[in-house]
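Sharing a model that was predicted from the sequence below.
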Amino acid sequence: MQTNQSTIPGSHPASFKMGFILFISLTSALGGLLFGYDLLVISGAKQFYELHFGLDTPVLQGWAVSSCIVGCIMGALVVGKAADQLGRVKLLILSALFFLISAIGSGYAPNFTQFVLYRLLGGMGMGMASTLSPMYIAEISPAKYRGRFVSLNQLTIVIGILLAQLVNYMIVDFKPVPEIIQQECALAADLSIKGPLHHKEGNYDLAMFSEEQKHAILQGDILAEVPAAAVDTKKLISLLESNSPIPADIINVDQLTTYTNQQLAETWNGQTGWRWMFAAEAIPAALFFFLMFFVPASPRWLTKKSRDDEAHEILVKIGGKDYADETLVEIEATLDEAHKKAGFREILKPKISGIVFMGIFIAVFQQWCGINVIFNYAPDIFRDAGFTVSGIMFSLVIIGITNLIFTFVGMALIDKLGRKPLMIIGSGGLFLSHILIGLCYYTGNTGWYVVAFALLAIAFFAATLGPVAWVLISEIFPNSIRGIAMSLAVLSLWVANFILSFTFPILRDSLGPSGTFWTYAGICMVGILYIKSKIPETKGKSLEEIEAELLNEA
């Protein structure tokens, strides 16, 4: 087994069993992979299940996406106290079972009500896993390598996101939507954005159409069979041939959108393909469920339960006898008898409540920085930019690959540059990206510009806020209340995610895409100011050292 020599407090060399640590860290981090898959599979299936279930209002569309987040809130709400009573591992096994049932059920659901119920159950698994996986990894990792090991949770989240995007792309490509339907759907979405910008005195100017769209219309490749109530195609062709302004009454964008949606809903992907996107998650969920039976309990949880011999045995497997002896002494020093029985009252104490608020801020800011809007509503963003169904799916895969590459960058930097500098860099990069995306929509210069700036935002997030936020909230809470405090932080994260997911369609309709992204830019600026003034650096410190420093500063 691979080992690595290091030094721990007390100056004894420790021979870390890196293979063992990596196995149990990666296995518990599979909860992150399912979290990422479950969170993002919705983006590829969205345009199809909305048509299948007839979700035609922003409220219903927002509920379909955010129902999973309600489940996350429920899972995070109950898991904190349960994690301190039953342990991290048993509840991770339960979360795997929830993921498995949700995957099969969401793919089968005959109606919207059942679809939402299964999404709620999957959300409970997400809420539990997103709390427990980073907490468990932080508790079994040596201080020197903790940043990188806890970052494995973010890495598996990113892999889950990419896996969902690849599965979505492969399923859509298995029986592709006919090209004419793709082009007409893209045209309808494009006209809904560009129409108001090119409407003047009852006419549309020709700049409303791209050269490719004009050519396709003139050649009869699209709009040839569209009902006259949607588009008077003969008149439109005549006006395009003569380069004349187009009277607004010959194009009814709402009718065109309705027609193209009906055509899309009747395709294989609209009827069946989207179901396989959800059902495919059952495979990694079953693997997670099986492997978790080989993962040992957290030594810090065992110590809290006065099971010191078992804790010592696991610590020996991690770093040898000297490491186990000294680490156990450190843990015991932070866990007197009163602390071993600590509950919600403990977090209300002035010194503790400030640390808990810090964790909640980090968790909420990671969501309200706006990155999940780009992930969850990427199909809408790219459709508004004029992409076809296949183009949308391909763009999502590019997003996933970018996310994965820059997550590795973040993992390489987190134990070198530290947590705080990366948080500031990421917040600044997201501020700039949101400003630029907003400008694209404001000026009508969408297309590949939006894709480029969305990729820029994802690169900044993946290398900074993505992994760092999970590392920080797994590090800063005292041993005695880590389960409850972590649960509160992750609960706050999912409440923030729910608000974000539910309100984005409404914000987009009221403020427009540009105003919405500029709102998130403002939130990023608030985050920069708070991080600079309040967030501590935890690089290279044991959990017990971090606890002592934060309590002394409070």
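Cool, the structure landed. Just so we're clear, the structure is a prediction, and the values are computed from it rather than from any experiment.

Quickly note the distance from Leu51 to Ala265.
Per C-beta to C-beta, to the nearest Å, Leu51 is found 4 Å from Ala265. Backbone N, C-alpha and C define where each C-beta goes, glycine included.

cool, Leu493 as well?
Distance, Leu493 to Ala265, using C-beta to C-beta: 34 Å.

Now Leu236. Nearest residue, chain neighbours left out?
Distances taken as C-beta to C-beta, 6 or more residues apart in numbering place Ile250 nearest to Leu236, at 5.9 Å, with adjacent residues excluded.

what's that neighbour in contact with, if anything?
Shown in contact with Ile250 (C-beta atoms under 8 Å, 6 or more residues apart in numbering): 231-232, 235-236, 239.

Buried only: go through the residues you listed for me.
For the contacts of Ile250, a burial check counting by 16 or more other C-beta atoms under 10 Å picks out 231-232, 236, 239.

Out of these, which is nearest to Phe209?
Phe209 lies nearest to Leu236 out of these, by C-beta to C-beta, at 9.4 Å.

Let me know the helix or strand that that closest one is in.
Assessed by DSSP states H and E, Leu236 sits inside helix 233-241.

what do you get for Gly512?
helix 482-534.

Near Ile424, how many other residues are there?
For Ile424, the neighbour count with other C-beta atoms under 10 Å is 15.

separation between the residue lying closest to it once chain neighbours are set aside and Ala297?
Excluding its sequence neighbours, the residue lying closest to Ile424 (C-beta to C-beta, 6+ apart) is Ile531, at 5.6 Å. Here Ile531 is placed at a distance of 34 Å from Ala297 (C-beta to C-beta).

what does the model give Val78 for pLDDT?
You'll see Val78 listed with a pLDDT of 86.

Tell me, how many residues neighbour it?
17.

ok, it to Met393 distance?
Distance from Val78 to Met393, by C-beta to C-beta: 36 Å.

cool, Trp63 as well?
With C-beta to C-beta as the criterion, Trp63 and Met393 are 24 Å apart.

Neighbour count for these two, which is higher?
Using other C-beta under 10 Å as the criterion, Trp63 and Met393 rank with Met393 on top: 26 against 17.

Would you confirm that the more buried one belongs to a strand?
No - secondary structure assignment places Met393 outside any strand; it is helix (DSSP: H, G, I helix; E, B strand; the rest coil).

still on that earlier bit, Leu51 and Ala265: which is more packed in?
The neighbour comparison of Leu51 against Ala265 (other C-beta under 10 Å) goes to Leu51, with 20 against 17.

per-residue confidence averaged over stretch 23-39?
91.

buried stuff in it?
Going by neighbour count (16+ other C-beta under 10 Å), the buried part of stretch 23-39 is 24-39.

okay, it in CSV with CA atoms only?
C-alpha atoms of stretch 23-39 as CSV (Å, rounded to 0.1, in the frame of the first residue of the first chain):
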residue,chain,number,x,y,z
PHE,A,23,-10.2,4.6,-1.1
ILE,A,24,-12.4,5.7,1.8
SER,A,25,-12.3,9.3,0.7
LEU,A,26,-13.3,8.5,-2.9
THR,A,27,-16.0,6.0,-1.8
SER,A,28,-17.6,8.5,0.5
ALA,A,29,-17.2,11.2,-2.2
LEU,A,30,-19.4,9.1,-4.5
GLY,A,31,-22.2,10.9,-2.7
GLY,A,32,-20.8,14.0,-4.4
LEU,A,33,-20.8,12.3,-7.8
LEU,A,34,-24.5,11.5,-7.4
PHE,A,35,-25.2,15.0,-6.0
GLY,A,36,-23.6,16.5,-9.2
TYR,A,37,-25.4,14.1,-11.5
ASP,A,38,-28.8,14.6,-9.8
LEU,A,39,-28.4,18.4,-9.8
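
When Ile531 and Ala297 are compared, which one has more neighbours?
Set side by side, Ile531 and Ala297 show more neighbours around Ile531, with 22 against 19, by other C-beta under 10 Å.

and the more buried one, what does it touch?
Per C-beta under 8 Å, 6+ apart, neighbours of Ile531: 420, 423-424, 427.

In TSV, list those along with secondary structure and distance to Ala454.
As requested, the contacts of Ile531 are exported to TSV (DSSP: H, G, I helix; E, B strand; the rest coil; distance: C-beta to C-beta, whole Å):
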residue	secondary structure	distance to Ala454
Lys420	helix	26
Met423	helix	21
Ile424	helix	22
Ser427	helix	17
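
Quick one, which of those are buried?
Looks like those have 420, 423, 427 buried, using 16+ other C-beta under 10 Å.

Between those residues, which sits nearest Ser67?
Closest to Ser67, out of all of the buried ones among the contacts of Ile531 and judged by C-beta to C-beta, is Ser427, at 29.4 Å.

isn't the closest one right up against Tyr530?
No - judged on C-beta atoms under 8 Å, Ser427 makes no contact with Tyr530 at a distance of 9.3 Å.

list the residues that contact both of these two?
With C-beta under 8 Å, 6+ apart, Ser427 and Tyr530 have common neighbours Phe365.

follow-up on the earlier one: can you name the two of the contacts of Ile531 that are farthest apart?
Lys420 and Ser427 (10.9 Å).

Okay, now the unreliable bits of the stretch 101-250 of the chain?
For the stretch 101-250 of the chain, applying pLDDT under 70 flags the ranges 193-199, 201, 206.

Where do the strands of the stretch 151-300 of the chain begin and end?
Remark: strands assigned in the stretch 151-300 of the chain by DSSP state E, counting those that start in this stretch are 199-200, 203-204, 246-247.

and those as JSON lines, adding mean neighbour count and distance to Met292?
Written out in JSON lines, the entries for those read as follows (neighbours: other C-beta atoms under 10 Å; distance: least, C-beta to C-beta, whole Å):
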{"stretch": "strand 199-200", "mean neighbour count": "12", "distance to Met292": "58"}
{"stretch": "strand 203-204", "mean neighbour count": "18", "distance to Met292": "59"}
{"stretch": "strand 246-247", "mean neighbour count": "17", "distance to Met292": "61"}
